[in-house]
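Asks: Need a 3D model of the following:
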Amino acid sequence: MLENTSQLRLDFKKVSKIRHDVIPVVIQDFFTKEVLILAYTHQDAFEKTLKTKTVVLFSTSKGKTWEKGKSSGQYLELMEARVNCEQNSLLYLVRLKGQGACHTKTKEGLYNTSCFYRRIEDDLNLKFLS
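Replies: Below you'll find the predicted structure:
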């Protein structure tokens, strides 16, 4: 599984595979400022997020809208939404409503707080942070 590997396998073609009108959204912890997720949203998901104050995204792998946490219980409460200067990306500042933000789990069975749980080493292998 890609989520559990210590080998670097970057997908430089990811964006070119997306066949929907989306923009990237960085999701950051409101309190710690830790970057939790980089995801995508489209018009409908964006509007639902603003209306419900719960993060709704567009799954580029499944090609559909998904409410973050609906299946895992790891909801993200929207505290603030920001847009960049060119209005082609968003920043959501959120409060975690569960153990973590990532769908992956640690060796102990807890959800990873952030999807950025591996550091790239000098030898281009990945080191797990937890």
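
Asks: where in the chain is pLDDT low?
Replies: Screening the chain residue by residue with the criterion pLDDT under 70, one finds the ranges 1.

Asks: Going along the chain, name the helices of it.
Replies: With DSSP state H as the definition, the chain shows helices at residue ranges 14-17, 43-52.

Asks: Could you say which one of the ones you listed comes nearest to Asn125?
Replies: Among the helices of the chain, helix 14-17 comes nearest to Asn125, with 21.0 Å by C-beta to C-beta. C-beta: built from backbone N, CA, C; applies to glycine.

Asks: what's the spacing between the closest one and its chain's center?
Replies: The chain centre lies 16 Å from the centre of helix 14-17; the measure is C-alpha atoms, centre = their mean, to the nearest Å.

Asks: With stretch 83-100 instead?
Replies: Chain-centre distance of stretch 83-100: 9 Å, with C-alpha atoms, centre = their mean.

Asks: end to end, how far does it reach?
Replies: The separation between the terminal residues of stretch 83-100, taken as C-alpha to C-alpha, to the nearest Å, is 24 Å.

Asks: again with stretch 106-119
Replies: Chord length of stretch 106-119, first to last residue, is 15 Å (C-alpha to C-alpha).

Asks: ok, and what's touching stretch 120-130?
Replies: The list of residues contacting stretch 120-130 from outside it, by C-beta atoms under 8 Å, 6 or more residues apart in numbering, reads Thr5, Ser6, Gln7, Leu8, Thr106, Lys107, Asn112, Tyr117, Arg118, Arg119.
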